[in-house]
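Visitor: below are the sequence and a predicted model; questions follow.
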Amino acid sequence: MAAPLVLPPHRTEHLARDDVMRFSKLFLPTRKEDPAEAEVVSHKLLIRAGYIRMIARGIYDFLPVGWRSVRKIEQIIREEMDLAGAQEVRLPAVQPAELWQESGRWSEYGAELLRIKDRKGGDFCLGPTHEEVITDLVRGEVKSYKQLPINLYQIQTKFRDEPRPRFGLMRGREFIMKDAYSFDTDEQAALQSYDVMFETYNRICRRLGFEYRAVEADTGNIGGSRSHEFQVLAETGEDEIVSCSQCSYAANVEKAEIRVESSARADDAELKALTQLATPGQRTIEEVSKFLKQKPAKLVKTLIYLADETPIAVLVRGDHQANELKIKAYLNAHTEISCRELNLAADVEVERVTNAALGFAGPVGLQIPIFADLAVEGLANFIVGANAVDAHFVNTNHGRDFEVRAFADLRQARGGDLCARCGGSFESHRGIEVGHVFFLGDKYSKAMNATFADEAGHEHAMQMGCYGIGVTRILAAVVEQNHDENGIIWPMAISPYHVTILPLQNQDEEVVALAERLYAELMAAGVEVLLDDRDMRAGFKFKDADLVGIPLRINIGSRGVKDGQVELKLRRESDHRLVGIDEIVAEVTQIVRTSLATAKEAALS
RNA sequence: CGGGGCGUAGCGCAGCCUGGUAGCGCGCCUGCUUUGGGAGCAGGAUGUCGCAGGUUCGAAUCCUGCCGCCCCGACCA
């Protein structure tokens, strides 16, 4: 038998309209301790401060304060997109397989595409992106050059069945994204659309107060000639980027072009005799360099790749990293070896090609084409694997001990490398990719027959661009850049509330009365206020306020009320100042308006 | 997909090795005291110990399978 429900009389009242601005009624469950599964600060704080809860891996609930902030981010994006002449639409989350079969991506997209069946057994997927859907929409309605250009966008929940979701909102499977698609008559016009979006994204990042870089990026399988990522700088970012300290060049390390001043080996370099040394069990660069007491830069690593079916060897200096995108691009552009996919060869394949156990591969005696990074060209007397178990060669030299088919820029850029554009030196950063703009060309319009008639009545495929911003990822990125040991520190523009009022003594009627009065007056002035009316001790409210991160705080205490004053505390600063009771509403209203306006102006600069 | 770790109250964890009454802290409910940086005391409620099977007189504990979550790897030879 269920126990009878016992409630005190005051708990039977209904919720009132402004109750969501009262902490006592707000669904804002905070926690004192970090969640066990969270690794990065944004994930920990968003859970502790009651913004999100995980329901399955990479899938989250947004609680009221979290959703308020998400909607503010959306609104900023919406305003800037509308300003750029884009039009908002809403496309379906569930998409029919036919469209994906038409573009070819039903088979290409892989396991990240979550495929589902309807009750009749028809194939559908949860949309990870919307090129097919938008192209289908536009091809049905746009027939003439007179209807172009057009730029359509939406703010939508996407689903990508990531192999490894992590870091809370930073890499979820379900996430909110703003995606836009431009359609133009020709490439030149499409690149104009691209430039407008590029500038719009800069404005959005500035409005959000980000420290960020717009970096040149790889276009991946999408193709096309232009692509930029918007990377918010943060230690916990998953991407590595470099930016030039002298010019404006910045790029993802996958893409960054390096200037190599002089790559040739010095003419007078003395080539010592090739010698085999026993290196029992020493496989990695680190192990070998330690064992032989040589710097990793004296070693050359030999990577065996499969370019589609063709095995090739790639040499890079021991302290460098091979860049698969560059390798792939080089093969396709400069050799007869076609390479749709480049993969490191499996262990058995490596052993077959090198006739040696894993870890001892080297270029000497290899029967497959050898490509080497430019940095290897200038090396003399380096160390390589001997293609024999437990052995390495020292004093190896290309041209004498083995032939390199070609030297090229095949490695990943890093801090200190020289900028290909101006010769300045690169700084390296880690970044969170919050936006990505692509020029697509006619990949989708051709495959899906999205054409228009020009003035002469000739049919042409439309030129497309696509532009994405991770809305929920932005929420995490903002926290990564704006927090301290006590909690979140929101920029005014995306804080769930502008100001929070803390009556410090709930039993003091004057304190409570003043809190209620300021609450009402601030709301009337258009300020978003969170009143902490809970019957809690002062210290408890302080801790929660810091955790939740609202930028302004008004402390109302018994002493101050007697003196006609309240405390105004900025979350970002450590000290508070006293403000007269009659001035506080005007003061707070002013600060809120100014900081919102300043953020908007920053977008223009 | 490979390696490792974890799964016990809403949250954070102990107990498991060596099988025998399910625990601690926080949170929650009641009362009293307290009241400007996560209060104190007293009392109370809350668990199919991830799921399924097996071993056993007896399983949170041992065995098998499955599921879920986290970390590392899946380019550094």
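Guide: Thanks, I have it. Residues are numbered from 1 along each chain as shown, chains lettered A, B, ... in the order given.

Visitor: now tell me what touches the helix or strand containing A:Val512 from outside.
Guide: Here A:Val512, judged by DSSP states H and E, is contained in helix A:509-524. If you take Cβ atoms under 8 Å, 6 or more residues apart in numbering as the criterion, helix A:509-524 is touched by A:18, A:21, A:499, A:501-506, A:529, A:531, A:533, A:554, A:556-558, A:561, A:566, A:581, A:584-585, A:588-589. No exception for glycine: its C-beta is placed from N, CA and C like everyone else's.

Visitor: one more: stretch A:196-203?
Guide: A:80-81, A:83-85, A:151, A:180, A:182, A:214, A:228, A:230, A:435, A:437, A:465, A:467, A:469, A:603-604.

Visitor: list the contacts of the helix or strand just after the helix holding A:Val512.
Guide: Proceeding N to C from helix A:509-524, the next assigned helix or strand is strand A:529-531, under DSSP H and E. Residues outside strand A:529-531 that contact it (Cβ under 8 Å, 6+ apart) are A:21-23, A:26, A:496-501, A:503, A:515-516, A:519, A:522-523, A:548, A:550.

Visitor: are any of those residues buried, and which?
Guide: A:21-23, A:26, A:496-501, A:503, A:515, A:519, A:522, A:548, A:550 (16 or more other Cβ atoms under 10 Å).

Visitor: how about the residues of the stretch 251-400 of chain A by RNA strand B?
Guide: A:283-286, A:288, A:301-305, A:316, A:320-322, A:324, A:343-345, A:347, A:350, A:358-361, A:385 (Cβ under 7 Å from any atom of the strand).

Visitor: so which of these are in helices?
Guide: A:285-286, A:288, A:324, A:347, A:350 (DSSP state H).

Visitor: format those residues as TSV; extra columns: pLDDT.
Guide: TSV is the format used below for these (pLDDT from 0 to 100):
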residue	pLDDT
A:Ile285	81
A:Glu286	77
A:Val288	82
A:Glu324	83
A:Asp347	71
A:Val350	78
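
Visitor: need the residues you listed in TSV with neighbour count, can you?
Guide: As requested, these are arranged in TSV below (neighbours: other Cβ atoms under 10 Å):
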residue	neighbour count
A:Ile285	17
A:Glu286	12
A:Val288	24
A:Glu324	19
A:Asp347	11
A:Val350	22
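
Visitor: nearest to RNA strand B, of those residues?
Guide: In terms of Cβ to the nearest atom of the strand, no member of these lies closer to RNA strand B than A:Ile285, at 2.9 Å.

Visitor: I'd like to know how far that closest one sits from A:Thr500.
Guide: 54 Å (Cβ to Cβ, to the nearest Å).

Visitor: also A:Asp417?
Guide: Distance, A:Asp417 to A:Thr500, using Cβ to Cβ: 47 Å.

Visitor: next: A:Ala520.
Guide: In terms of Cβ to Cβ, A:Ala520 sits 15 Å off from A:Thr500.

Visitor: can you check A:His320 too?
Guide: Taking Cβ to Cβ, one finds A:His320 at 51 Å from A:Thr500.

Visitor: sec struct for the closest residue to A:Ala493 other than its chain neighbours, please.
Guide: Closest residue to A:Ala493 apart from its sequence neighbours, by Cβ to Cβ, 6 or more residues apart in numbering: A:Ala599 at 4.7 Å. Under DSSP: H, G, I helix; E, B strand; the rest coil, the three-state class of A:Ala599 is helix.

Visitor: now do A:Gly468
Guide: strand.

Visitor: counting neighbours, what do you get for it?
Guide: Residues lying near A:Gly468 (other Cβ atoms under 10 Å) number 22.

Visitor: surely it touches A:Gly435?
Guide: Yes - counting by Cβ atoms under 8 Å, A:Gly435 is a contact partner of A:Gly468 at 6.6 Å.

Visitor: pLDDT on stretch A:172-182, on average?
Guide: Confidence over stretch A:172-182 (mean pLDDT, whole number) is 94.

Visitor: got the domain ranges for chain A?
Guide: Annotated domains of chain A cover A:15-66, A:69-257+A:424-476, A:275-408, A:492-604 [automatic domain parsing].

Visitor: the first one near RNA strand B at all?
Guide: Yes - if you take Cβ under 7 Å from any atom of the strand as the test, domain A:15-66 does meet RNA strand B, through A:30-37, A:39, A:48, A:54, A:56-58.

Visitor: so which of the buried ones among the contacts of strand A:529-531 sits lowest on pLDDT?
Guide: A:Met21 (89).

Visitor: let me see the contact set for that one.
Guide: Per Cβ under 8 Å, 6+ apart, neighbours of A:Met21: A:497, A:519, A:523, A:528-531.
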